[in-house]
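S.K.: My questions concern the predicted model and sequence given below.
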Amino acid sequence: MTVYVAPVKDLMFVLEEVAGLDEVAALPGCEEVGIELVSAVLEEASRLAEEVIAPLNKISDQQGATCANYEVKTSPGFKDAYKQFADGGWIGLTCDPEFGGQGLPHLLSIPVGEIWNSACTAFALCPMLTSGAIEALSHHASDDLKARYLPKMISGEWTGTMNLTEPNAGSDLAAVRTRAVPANDGSNAYLISGTKIFITYGEHDYTDNIIHLVLARLPDAPAGVKGISLFVVPKFLLNSDGSAGARNDAKCVSIEHKMGIHGSPTAVMAFGEETGAVGHLVGEANRGLEYMFTMMNNARLSVGLEGVGIAERAYQQTLSYAMERIQGRVAGREGTLPIAYHPDVRRMLMSMRSQTEAMRALVLVAAASLDKAARCADAGERKRHQARIDLLIPVAKGWCSEQANEIAYTAVQVHGGMGYIEETGVAQYQRDARITTIYEGTTGIQANDLMGRKVARDGGAAANALILEMVATAVQAQGVTELTSMGDGLAGGVADLKAATDWIVENYVSNTASTLLGSVHYLKLFGTVAGAWLLVRSSIAAQARLVAGNGDAAFCRQKIGTTRFYIDQVLPLTASLLLMLKRGTSSLDAADLALS
Amino acid sequence: MSMKILVPIKRVVDYNVKIRVKADNSAVELDNVKMSMNPFDEIAVEEAVRLKEAGVAVEVVVVTCGIAAAQDILRSALALGADRAILVEVDVAQSETLQPLAVAKLLKALVGQEQPGLVICGKQAIDDDANQTGQMLAALQGWPQATFASKVVIADGKATVTREVDGGLETLAVTLPAVISTDLRLNEPRYATLPNIMKAKKKPLNILTAASLGVDVAPRLITRSVNEPPKRTAGIRVGDVAQLVDKLKNEPKII
């Protein structure tokens, strides 16, 4: 049994000192978002997560969801926990108040989301997918569809799913084959038929109805990505009073046996095997993929956040074990000591901790950009923040999920032989984290997006704007006596990022393939430097608090120590990543030779 | 019935935090320590809110005596369903020496102002475990009291209270107005919902001072020194049952 304690102190610190809570609170519609409210919300989310959800994590790994006769039984305790979660109003946190939401910014939903994910990622996925479906309907559906579906999805009475993937349409959605034909029954309904796979919470026992959003092709649709439309297909058709009525022809035929997140039912959905699944078009025909992409930023940030959540939980459990497990003698110390005192174990613990804190800061800063891009009064400001968030999303998704895997790996390593034993409960993190580098776009997809669309396309403008801010932080740290060396370290890392960015801008168009060979190197370089930048900013704020005698001195010293470790032991990777990136042409030749 | 319920609550070191003593042994360390509502008081708030939901009461007023930061627990109580809050604000130095008798006097003054039909408080606060304030308030006010409640039924101007006592359960009927203090098993407090946390921000929170209530909060007791409990020393292994019995019978202070 592992105890989870939400890192509210660090979340509050980063929100206030790094992510700019005050700036977000000054945005239109965010007037309520003061420190007291944020703190009250995080505290209450922590209670629910620690007391109700976290205890289910291990059980759900051992007794995952099961499927029989088109029905899914969720893991023990999930249904009750979902009811408490929905009754708590948590699904509606960022949703439109007109339909029962609270209209709060992402800068609040993201830290709360970290807490749900640490407590139990498999549980957190259902509300995450519902939020995505709510967002798609909010932005693109007709007023009639919104009125029929949104209030019950926002209250959690019904859940939502996203049906994109098909057996032959994974990363390439242009290959979607699911068909939609007009019902021709006098209504404006369509009949949907086809098979969708990897549908998270496509079926479950939580609620009376499940609202599927489905990508499908109309009969006259153009080929490729511009011929895909979005439909809303409820499990139970809606009666005229809005309640759930007759069973729709949309069934879960099986669920997958997965490496991790066993508590999350991953459905194979069969639409229209009998009469055709009744659905309604969302927005305009043939614009489905475009609609999906409007919420892709949020979805990808949410997966990066899963990485942060799993990493934090893995660190907590590992630290606690390392402080209890007494083994061997430590050079320079008397007697036997907990393994946490062995230098190599200290290195592993700090590698986990410093990267987790850097990842947390990155997703929170990205969340603030999301809010500013959506809510700034000035159009120019909105555009500037949109460019920033577009740049940060592949980094936050790709880097945080990759590092979560490394951190979960290290968690098992610190546990030694016990880590390899399932009973210990730490192997679960490694298995659960594994999916995060794959779904919502693999690391390779993120890296290609970063390099091609986000850096090369604008000639490095958005990247260079961010790099300038990083340089300013490095200079600021160099000017603080206690932080000079970390400022120097950051400056070195930023120089590598700048060199890599310039190299991409120079080479991408003329030499696309060999540049793309190193795209994941660039993504990791970017993430590693961005993490350093935000940790140094945290340390500058921590040092200022120490000088002012304001706040928790022990916490501030720990933040500075964590940053120093990261600068010493994580950031130097940038030199080799830069080198590997630049060897793209020769490496591509080598690969062609070897794979021929 | 248009009864109002007053619920006094206290901000204490969170029950998950390991208590540390200040280096100068003057008090428990509170700097940068997570603080929350006393768990017994949460049960009191929950009971009052349930009585309101059941139509027995019309208003739930929460009050705390403490520093400005104690507003956070008042907001928590408002998020659980209390209607309005009162902070009797004292400065940091006063808060460190605020004792049950002074709090009971402040509450008596508030009872005079608010005229509640019932006061429900936690049986004790988990910081000093004094278990005195409710009883003192009842005595000062001349009201009946029913402490350590595990069940409360209000009907016909009376509270029928089941109490957890050493020998089992005891049931008392007290005429209202009265003071009830809550035990652990009275109820299980709910989680605040997000909409209610938002609404709590807008509920009235009135700030008063001890002076405005005409109460002298100067301490009547002096704390000489605060110390960690002594460390447990190693035990000894007995050879057989006879030796164990012998030690139990003959060694001083072993039981």
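M.R.: Perfect, thanks for sending it.
S.K.: residue of the stretch 101-250 of chain B with the smallest distance to chain A?
M.R.: Nearest residue of the stretch 101-250 of chain B to chain A (CB to the nearest CB) works out as B:Leu194 at 3.9 Å. In short, each C-beta sits where N, CA and C put it, glycine included.
S.K.: gap between that residue and A:Ser109?
M.R.: 11 Å (CB to CB, to the nearest Å).
S.K.: Identify the contacts common to these two.
M.R.: A:Leu93 (CB atoms under 8 Å, 6 or more residues apart in numbering or on different chains).
S.K.: Can you tell me the element B:Ala138 falls in?
M.R.: Using DSSP states H and E, B:Ala138 sits within helix B:133-141.
S.K.: Pull out the buried positions in that helix.
M.R.: For helix B:133-141, burial by neighbour count (16 or more other CB atoms under 10 Å in any protein chain shown) applies to B:Thr133, B:Gly134, B:Gln135, B:Met136, B:Leu137, B:Ala138, B:Gln141.
S.K.: B:Asp41 contacts B:Gly122, doesn't it?
M.R.: Yes: applying CB atoms under 8 Å as the test, B:Asp41 and B:Gly122 come out as touching, 4.0 Å apart.
S.K.: intersection of neighbour lists for the two?
M.R.: Common neighbours of B:Asp41 and B:Gly122 (CB under 8 Å, 6+ apart) are B:Ile9, B:Lys10, B:Thr182.
S.K.: neighbour-wise, which of those leads?
M.R.: Among the shared contacts of B:Asp41 and B:Gly122, B:Thr182 has the most neighbours (other CB atoms under 10 Å in any protein chain shown), with 29 neighbours.
S.K.: who touches that one in this structure?
M.R.: Counting by CB under 8 Å, 6+ apart, the residues that B:Thr182 touches are B:Phe40, B:Asp41, B:Ile43, B:Ala44, B:Glu47, B:Ile120, B:Cys121, B:Gly122, B:Lys123, B:Phe148, B:Ala149.
S.K.: Looking at the residues you listed, which is nearest B:Glu59?
M.R.: B:Ile120 (13.0 Å; CB to CB).
S.K.: tell me the SS of that closest one?
M.R.: strand (DSSP: H, G, I helix; E, B strand; the rest coil).
S.K.: quick one on the thing from earlier: which ones are touching the residue of the stretch 101-250 of chain B closest to chain A?
M.R.: B:Leu194 touches A:Val41, A:Glu44, A:Gly88, A:Gly89, A:Trp90, A:Gly92, A:Leu93, A:Gln102, counting by CB under 8 Å, 6+ apart.
S.K.: Ramachandran angles for it?
M.R.: phi -60, psi -50 (degrees, to the nearest 10).
S.K.: Kindly provide the distance from it to A:Lys83.
M.R.: In this view, B:Leu194 and A:Lys83 are 15 Å apart by CB to CB.
S.K.: what's the answer for B:Met136, then?
M.R.: Note on B:Met136: its distance to A:Lys83, by CB to CB, is 42 Å.
S.K.: next one: A:Ala40
M.R.: 22 Å.
S.K.: Which one's more surrounded, the two?
M.R.: Neighbours were counted for A:Ala40 and for A:Lys83 using other CB under 10 Å; A:Ala40 has more, 22 against 13.
S.K.: What does the pLDDT read for B:Ile255?
M.R.: Turning to B:Ile255, the model gives it a pLDDT of 66.
S.K.: Please apply the same query to A:Asn298.
M.R.: In this prediction A:Asn298 is given a pLDDT of 88.
S.K.: how many other residues sit next to the nearest residue to A:Asp488 once chain neighbours are set aside?
M.R.: Closest residue to A:Asp488 apart from its sequence neighbours, by CB to CB, 6 or more residues apart in numbering or on different chains: A:Gln478 at 6.4 Å. Here the number of neighbours of A:Gln478 (other CB under 10 Å) works out to 16.
S.K.: quick one: the helix or strand hosting A:Met153 near chain B?
M.R.: Element membership of A:Met153, judged by DSSP H and E, is helix A:143-154. No: judged by CB under 8 Å from any CB of the partner chain, helix A:143-154 and chain B are separated, with a smallest distance of 11.0 Å.
S.K.: helices and strands around whichever helix or strand comes after that helix, which ones?
M.R.: Downstream of helix A:143-154, the first helix or strand assigned by DSSP H and E is strand A:159-163. Other helices and strands packing on strand A:159-163, by 3 or more CB pairs under 8 Å, 6 or more residues apart in numbering or on different chains; DSSP states H and E, are helix A:121-140, strand A:190-200, strand A:210-216.
S.K.: Determine which of those approaches A:Ala591 most closely.
M.R.: Among these, strand A:190-200 sits nearest to A:Ala591 (CB to CB), with 29.4 Å.
S.K.: So what are the sheet partners of that closest one and their directions?
M.R.: Strand A:190-200 has the following sheet partners, assigned by DSSP bridges: strand A:179-182 (antiparallel), strand A:266-271 (antiparallel), strand A:277-281 (antiparallel).
S.K.: what angle separates it from strand A:210-216?
M.R.: 110 degrees (axes from the mean of the first three to the mean of the last three CA atoms, to 10 degrees).
S.K.: hmm, back to that, CA atoms only for the helix holding B:Ala138, dumped as PDB, please.
M.R.: In PDB, the C-alpha atoms belonging to helix B:133-141 read as follows (Å, rounded to 0.1, in the frame of the first residue of the first chain):
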ATOM      1  CA  THR B 133     -14.100  24.900  25.400                       C
ATOM      2  CA  GLY B 134     -17.600  23.500  24.800                       C
ATOM      3  CA  GLN B 135     -18.100  22.600  28.500                       C
ATOM      4  CA  MET B 136     -16.900  26.100  29.600                       C
ATOM      5  CA  LEU B 137     -19.200  27.800  27.200                       C
ATOM      6  CA  ALA B 138     -22.200  25.800  28.400                       C
ATOM      7  CA  ALA B 139     -21.300  26.600  32.000                       C
ATOM      8  CA  LEU B 140     -20.800  30.400  31.300                       C
ATOM      9  CA  GLN B 141     -24.000  30.500  29.300                       C
END
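S.K.: Which stretches in chain A count as strands?
M.R.: Using DSSP state E, the strands of chain A run over A:66-68, A:71-73, A:159-163, A:179-182, A:190-200, A:210-216, A:229-234, A:236-238, A:244-247, A:250-255, A:266-271, A:277-281, A:326-329, A:336-338.
S.K.: Kindly apply the preceding question to the stretch 151-255 of chain B instead.
M.R.: With DSSP state E, counting those that start in this stretch, the ranges of strands along the stretch 151-255 of chain B come out as B:158-165, B:168-175, B:178-182, B:205-209.
S.K.: Deepest in the core, which of those strands is it.
M.R.: strand B:178-182 (a mean of 28; mean count of other CB atoms under 10 Å in any protein chain shown).
S.K.: Tell me where the model's unsure across the chain.
M.R.: As the question left the chain open, I've gone with chain A. Where chain A drops to pLDDT under 70, the residues are A:1-2.
S.K.: my question was about chain B
M.R.: In chain B (pLDDT under 70), the answer is B:1, B:255.
S.K.: and it, which residues reach chain A?
M.R.: B:16, B:31-32, B:36, B:71-72, B:75-76, B:79, B:191-198, B:200-201.
S.K.: Just the buried ones among these, please.
M.R.: Buried among the residues of chain B next to chain A by 16+ other CB under 10 Å: B:36, B:71-72, B:75-76, B:79, B:191-198, B:200.
S.K.: B:Asp41 and B:Gly122 - which one has more neighbours?
M.R.: Neighbours per residue (other CB under 10 Å) separate B:Asp41 from B:Gly122, with B:Asp41 holding more: 31 against 28.
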